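[1] Quick one: sequence plus predicted model below, questions after.
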Amino acid sequence: MDNILFGPAGYPTEARGNVKRVFQILRETGLNTLEYAAVHGLQTKEEKAKLIGELAKESGVSMSLHAAYYISLASRTPRVRETSKNRLVKALRFAPLMNVKRVVFHPGSLSGLTESEAHAVIKGALKSVWETAGEESSGAFLAPEIAGKLSGYGSVDQIIRLCQELEGCIPTIDWAHLYARSQGEINDKQSYLKILTEFEDELGELFVRNMHFHISGITFTEKGEVAHRPLGEDWGPDILPLIEVVREVGYTPTFISESTNPLQGALYAKFLFEELEKERK
Ligand SMILES: [Zn+2]
């Protein structure tokens, strides 16, 4: 992917669930990516999935998919581990229909395991998911996300390790989650660059060519994330320095806005980017 892309997480509410209208709105507003929200499980029928894929292609909108929130690969309950894996398998199989290139998911909580135990269980689960459906995904990646809560599996190190050790795996960097995890520390150019450099050093081209970001405002406590908030208002993280770093280094990430109004958040980020571009001219 050669361009920086901006888009919302989920259908804009203005589309009132009308899928054609969704892509119309994206075109009209100049947004070029969408993260399809299957956050309550992928209930889409094949027919509908194909329609989404076709509309995305026609509109030049690049697609990712957010798999179910309640995936818990290291759950204490074997049945939950199994359904969690199945949800990812299904998402990978649906990916080509929907023209989806990234299946974003939260690995789940540590479930009382030590970090290394959880790592082994989650890695094993993802390995089996990839062996089952990796070939059917048509180049779509599994994209585990940085966790917002400290009790969740998904620190920078953990996500890097998973992506190093597994086939078909790229990171999703949720900057709001990182901000919450770090108690507001990761919030300026220097710290953004440090994180990006770490990912690049460890994962190389695979990371650089497939950078996938989530952005939004957030509230947090010492345990991490509490709730997502709008971008550009009273809540951190400050994403202007992030966009500055991205431009200066020449990275080309996909920015997915998980702001409380995702469409508005995506347009805000795009606006910041365009203002910086103007300054350069
Ligand atoms: Zn996220």
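    Structure's in. What do you need? Numbering: from 1, shown residues only.
[2] and the helix or strand that contains Phe23, which residues are buried?
    According to DSSP states H and E, Phe23 maps onto helix 19-29. In terms of neighbour count (16 or more other Cβ atoms under 10 Å), helix 19-29 has its buried residues at 22-26, 29. C-beta: built from backbone N, CA, C; applies to glycine.
[3] Could you list which of those also contact the ion?
    Among the buried residues of helix 19-29, no residue sits close to the ion (Cβ under 5 Å from the ion).
[4] would you list the residues you listed in TSV and tack on distance to Ile160 and pLDDT?
    Formatted as TSV, the buried residues of helix 19-29 follow (distance: Cβ to Cβ, whole Å; pLDDT from 0 to 100):
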residue	distance to Ile160	pLDDT
Val22	34	97
Phe23	34	97
Gln24	39	97
Ile25	35	97
Leu26	32	97
Thr29	34	96
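[5] Present these as a markdown table; the columns should include distance to Leu162.
    Conversion of the buried residues of helix 19-29 to a markdown table gives the following (distance: Cβ to Cβ, whole Å):
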| residue | distance to Leu162 |
| --- | --- |
| Val22 | 31 |
| Phe23 | 32 |
| Gln24 | 37 |
| Ile25 | 34 |
| Leu26 | 31 |
| Thr29 | 34 |
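[6] and of those, the nearest to Thr77?
    Among those, Val22 lies closest to Thr77 (Cβ to Cβ), at 35.7 Å.
[7] Please report how far that closest one lies from Glu46.
    Noted for Val22: a distance of 18 Å to Glu46, by Cβ to Cβ, to the nearest Å.
[8] Check the offset of stretch 201-219 from the chain's centre.
    8 Å (Cα atoms, centre = their mean, to the nearest Å).
[9] Same question for stretch 46-65: list its buried residues.
    Here stretch 46-65 shows 49-53, 55-56, 59, 61-65 as buried, counting by 16+ other Cβ under 10 Å.
[10] Contacts (any at all) between the ion and stretch 177-194?
    No - using Cβ under 5 Å from the ion, stretch 177-194 stays clear of the ion, coming no nearer than 6.1 Å.
[11] can you tell me the distance between the two ends of that stretch?
    Taking Cα to Cα, to the nearest Å, stretch 177-194 runs 16 Å from one end to the other.
[12] in that stretch, what's buried?
    Buried residues in stretch 177-194 (16+ other Cβ under 10 Å): 177-182, 186-188, 191-193.
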